[in-house]
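>>> Following is a predicted model, sequence given first.
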Amino acid sequence: MSIDDLWYKNAVIYCLDVEKYQDTNGDGIGDFEGLSRRLDYLAGLGATCIWLQPFYTSPNRDNGYDVTDYYNVHEKHGSLGDFVNFMNRAEALGLRVIVDLVVNHSSIDCRWFREARESRTSPYRDWYIWADERPKDHREGIVFPGEQTSTWAFDRKAGQYYFHRFYDHQADFNTWNPYVRAEIQRIMGFWLQLGVSGFRMDAVPFLIERKGANIEHTQDFALLKEMRDFLQWRSQHAILLAEANVPPDESLDYFGEEGDRLQMMLNFPVNQRLFYALATADIEPLVWALEQTRRRPARAQWVQFLRSHDELDLGRLTKEQREKVFDAFGPTRREQLYDRGIRRRLTPMLHNDRRHLELAFSLLFSLPGTPMMQYGDEIGIGDDLRLPERECARTPMQWTSDRHAGFTNGRRPVRPVIHDKVYGYERVNVADQRRDPDSMLNWTERVIRMRKECPEISWGDFEIIRTAAPGVLAIRYDWRNTSLLTLHNFAKSAQTARVNVGRERGDVLVDVFNGHHSRSQNDGVHRLRLEPYAWRWFRVGAADNTLHLSDLVMTDSQVK
C-alpha cells in the first residue's frame, strides 16, 4: 500500500481553537476569516492537518464543548459560508481538517434536551438518561473533582434527574438509543460533505458506555464499528481520532483487532511516562509504555503529543511518580488541577529551558506514531494562571509585538493576551521569531520538515536499543531496507552511549541535522557522547533513505 493512501500515518497535526487564533472584525473573537488568512503560516510551518476545537453554536460555558446546534457555526466565528471558504483555502494549500465531534453530551440549552424535558412521551426523552431518584452512586465517576459534586442533576421541568458525566449544563446522550446513533451519523455526514477529513472524539470510553441508574456500565464497541463504516461509505480518506485515556491492554478494543474501528488514538500511556522521564531521567516506565503500545493493526496509528488544550493528565502514573512530575513541573496547587494533572503550557513547565524544550520536541517528532502539537507551542507561548481551570493555557495566539499581539484590533480580546516579562507578546511572537534564524519557530519548522522525510518513524517497526548510559533512550526504526536511529539524553549530565546498531551498514551513522556523524570501532560499537538533554537522529549507512551505502562516498573528515 502506498504511504499516501493512509495519509494520517505520516501527518503533522496542529490543534487550534478558532476563537483564540485570529480576529478580523474587531470584536475580539477569532473567526474563520482570520484563520483562513493564517493558513499560509501553518502550511509554511509544515503542518499537514489542522484539528479544530469546537466552533458550533453554543452558550460557551465549557469552551464550546456544550453544543446547542451541531449543524451550524457559532455566529461569533462567522457563517457556514465562511467555514466553506476556509475549507476551500485549506484544500488549495494541501491542508486537511479534522473537527471535534462532541457527541458524549449536548448543552441543556440544545433543542433536543429542551424538548426532552417537556414530557415523558417526548420523542427526545430517551435521547438522554433519566432517573426518578438520584442514584446512591451519584458522587462516583466525577471527571472534574473540585468543580463537580455529582453526576446527576435535578431538572424541575422534567421532574427527574438527568445524568451528566461532565458539568451539569452538559446532559449525556443515551448513545445506546438507535435514534441517537442515527443522528450522530447525520452530523458526521453533514461535515464530511463540507470537506472535513475526519473527527476527533472526546472521552470515547464514556461515549460507548451504557449509562443509567442501577445498571451495569458496559461498553458497546459496536458503536465505533458503525461510525467507522459510515465514515468510509461517505469518505474514503476520512479518519476517527479518539481521546481514550485507557490502559495499553485495552487499546485494541478501540482500534479493533482487524483495524475496523478507530484509525487513531492519542497515546496517553506514553505521554504520561514521557513527562515522568523528563522530570526524573528514569526512562524505564517510558520504555514500558512504548513496548505496551507497540501492538496495533496495520492501518491504525498512535498520535504522540506533549501538551493539549486540556490539563496534563497524570492519572495513570503511580502516586509516587505523579508527585515527582508535580515537583518538577507544577509544584504549587495553583499549577495543578483535578488532583491529577498540571494546567500549565509546555514552555513554562520546562522553565523556558531551550535545551529541555528541544529535547521534548525532538521526542514528539520521533516517537512511534503521528505527532500532534498545540497552537503556540512552536513559539514558546506561556500561560496565565489567573484564569480559571484549563483556560490559563487557552490564551490568544501571539502574532506580533503590536497591541493585543496582533490577534485583534478590537478593544478587548476574548481572553487576556499574555503580557508578562518572560512570555509576554512583546518578547514572544511569530513576527520576531520569523526574523531570527535561531528562534524556536524556525528550529521547529526545520524539525518538522525533516520529520516528514522520515516515514520510517510512522510506518516502520521499532526496537529499543540498550546503551548502558543512564537516561538515554535509543530507538531504531526499520522500513523498506532503511533504518533510522534516534537517541535522547534525559539526564542533566553528559552521557556516553554505547550503540550496537545491529543492522547491515550499521558501522556508519549519518547525522540528519548536524555534522556529528559516527563510525563504529573495531568491535562494531558506536560510542556517542551526548551532552545534557542532547538528542540525535542518525540515518544508518546512508545520508538519505533513498540511497544505499554503495551510492554514498564519505570521507574520513565527514565521519567522526
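Structure's in. What do you need? What you see is a predicted model; the values in this text were computed from it and never measured.

>>> What is the helix or strand harbouring P285 packed up against?
Assigning secondary structure by DSSP states H and E places P285 in helix 284-292. Other helices and strands packing on helix 284-292, by 3 or more C-beta pairs under 8 Å, 6 or more residues apart in numbering; DSSP states H and E, are helix 268-280, strand 461-465, strand 472-479. Heads up, the C-betas are built off the backbone N, CA and C, glycines and all.

>>> Mind checking these for the one nearest to R386?
Of all these, it is helix 268-280 that lies closest to R386, at 24.1 Å by C-beta to C-beta.

>>> Output the helices and strands packed on helix 284-292 as a markdown table; include the columns mean pLDDT.
Shown next, in a markdown table, are the helices and strands packed on helix 284-292 (pLDDT from 0 to 100):
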| stretch | mean pLDDT |
| --- | --- |
| helix 268-280 | 97 |
| strand 461-465 | 96 |
| strand 472-479 | 96 |
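
>>> most tightly surrounded among the ones you listed?
Comparing the helices and strands packed on helix 284-292 by mean neighbour count (mean count of other C-beta atoms under 10 Å), helix 268-280 ranks first with a mean of 23.

>>> closest to A171 out of the helices and strands packed on helix 284-292?
The closest of the helices and strands packed on helix 284-292 to A171 is helix 268-280. By C-beta to C-beta, the value is 26.3 Å.

>>> neighbouring contacts of the closest one?
Outside helix 268-280, the residues within contact range by C-beta atoms under 8 Å, 6 or more residues apart in numbering are 244-248, 282-283, 285-286, 288-290, 292-293, 302, 304-306, 312-317, 321, 324-325, 327-329, 350, 356, 359-360, 363, 367, 473, 490.

>>> Narrow those to those in helices?
Judged by DSSP state H, helices contain the following of those: 285-286, 288-290, 292, 321, 324-325, 327-329, 356, 359-360, 363.

>>> Pull out the buried residues from those residues.
The neighbour count (16 or more other C-beta atoms under 10 Å) marks 285-286, 289-290, 321, 324-325, 328-329, 356, 359-360, 363 as buried among those.

>>> Take the residues you listed and write them to JSON lines, including distance to N214.
Listed next are these as JSON lines, based on distance: C-beta to C-beta, whole Å:
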{"residue": "P285", "distance to N214": "38"}
{"residue": "L286", "distance to N214": "41"}
{"residue": "A289", "distance to N214": "37"}
{"residue": "L290", "distance to N214": "41"}
{"residue": "Q321", "distance to N214": "36"}
{"residue": "K324", "distance to N214": "41"}
{"residue": "V325", "distance to N214": "38"}
{"residue": "A328", "distance to N214": "44"}
{"residue": "F329", "distance to N214": "42"}
{"residue": "H356", "distance to N214": "50"}
{"residue": "L359", "distance to N214": "50"}
{"residue": "A360", "distance to N214": "46"}
{"residue": "L363", "distance to N214": "46"}
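
>>> nearest to G212, of those residues?
So of these, ranked by how close each gets to G212 (C-beta to C-beta), first place is A289, at 34.0 Å.

>>> Same list (the buried ones among the ones in helices among the contacts of helix 268-280) but as CSV, adding pLDDT and distance to E504.
CSV is the format used below for those (pLDDT from 0 to 100; distance: C-beta to C-beta, whole Å):
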residue, pLDDT, distance to E504
P285, 97, 32
L286, 98, 28
A289, 97, 30
L290, 98, 24
Q321, 97, 39
K324, 97, 41
V325, 97, 40
A328, 97, 41
F329, 97, 42
H356, 97, 36
L359, 98, 30
A360, 98, 33
L363, 98, 27
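
>>> What is the nearest of those to D253?
Using C-beta to C-beta, A289 comes nearest to D253 of those, at 17.7 Å.

>>> So that closest one sits against P248, correct?
Yes - shown here, A289 and P248 form a contact pair, counting by C-beta atoms under 8 Å, at 6.9 Å.

>>> Give me the distance between the two termini of stretch 502-516.
With C-alpha to C-alpha, to the nearest Å as the measure, stretch 502-516 spans 20 Å from end to end.

>>> what's next to it, contact-wise?
446-447, 450, 454, 463, 465, 476, 478, 483-485, 500-501, 517-520, 524, 526, 536-543, 548-549, 554, 558-560.

>>> out of those, which are inside helices?
Those of those mapping onto helices are 446-447, 450, per DSSP H.

>>> With pLDDT and distance to A90 added, can I get those residues in a markdown table?
Shown next, in a markdown table, are the ones in helices among the contacts of stretch 502-516 (pLDDT from 0 to 100; distance: C-beta to C-beta, whole Å):
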| residue | pLDDT | distance to A90 |
| --- | --- | --- |
| R446 | 97 | 23 |
| V447 | 97 | 23 |
| M450 | 95 | 24 |
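
>>> Assumed D420 was part of a strand.
No - counting by DSSP: H, G, I helix; E, B strand; the rest coil, one finds D420 to be coil, located in no strand.

>>> Quick one: residues contacting it.
G382.

>>> Please apply the same query to E335.
Contacts of E335 by C-beta under 8 Å, 6+ apart are 329, 342-344, 385.

>>> quick one: which of the ones in helices among the contacts of stretch 502-516 is most hemmed in?
V447 (23 neighbours; other C-beta atoms under 10 Å).

>>> How much space separates that one from G30?
According to C-beta to C-beta, to the nearest Å, V447 stands 27 Å off from G30.

>>> residue ranges with poor pLDDT in this structure?
The chain contains residues with pLDDT under 70 at 1-4, 546-560.

>>> now E504: how far from N481?
When C-beta to C-beta is applied, the distance between E504 and N481 equals 9 Å.

>>> again but with A289, I slipped
In terms of C-beta to C-beta, A289 sits 29 Å off from N481.

>>> can you check W443 too?
W443 sits 31 Å away from N481, going by C-beta to C-beta.

>>> more neighbours, these two?
Remark: of W443 and N481, W443 carries more neighbours, 19 against 10, as counted by other C-beta under 10 Å.

>>> show me what contacts that one?
Going by C-beta under 8 Å, 6+ apart, the list of residues near W443 reads E358.

>>> likewise Q336?
Neighbour list for Q336: 326, 330, 342-343 [criterion: C-beta under 8 Å, 6+ apart].

>>> could you dump those to a markdown table with distance to R228 and neighbour count?
Listed next are these as a markdown table, based on distance: C-beta to C-beta, whole Å; neighbours: other C-beta atoms under 10 Å:
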| residue | distance to R228 | neighbour count |
| --- | --- | --- |
| F326 | 38 | 18 |
| G330 | 37 | 21 |
| I342 | 33 | 24 |
| R343 | 33 | 23 |
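
>>> so how many other residues sit close to Y65?
Counted with other C-beta under 10 Å, the neighbours of Y65 add up to 21.

>>> Just the element for it, please.
Using DSSP H and E, Y65 sits in no helix or strand.

>>> Quick check: end-to-end length of stretch 43-53?
Start and end residues of stretch 43-53 are separated by 19 Å (C-alpha to C-alpha).

>>> can you tell me which helix in the protein is longest?
When the chain is parsed with DSSP H, its longest helix is helix 178-193.

>>> counting contacts, what elements does that one pack onto?
Looks like helix 178-193 contacts strand 69-73, strand 96-101, helix 222-234 (3+ C-beta pairs under 8 Å, 6+ apart).

>>> how about the ones you listed in JSON lines, adding distance to N267 and mean neighbour count?
Converted to JSON lines, the helices and strands packed on helix 178-193 look like this (distance: least, C-beta to C-beta, whole Å; neighbours: other C-beta atoms under 10 Å):
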{"stretch": "strand 69-73", "distance to N267": "28", "mean neighbour count": "17"}
{"stretch": "strand 96-101", "distance to N267": "17", "mean neighbour count": "22"}
{"stretch": "helix 222-234", "distance to N267": "18", "mean neighbour count": "17"}
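
>>> can you redo the ones you listed as JSON lines with distance to L262?
Below are those laid out as JSON lines (distance: least, C-beta to C-beta, whole Å):
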{"stretch": "strand 69-73", "distance to L262": "20"}
{"stretch": "strand 96-101", "distance to L262": "12"}
{"stretch": "helix 222-234", "distance to L262": "6"}
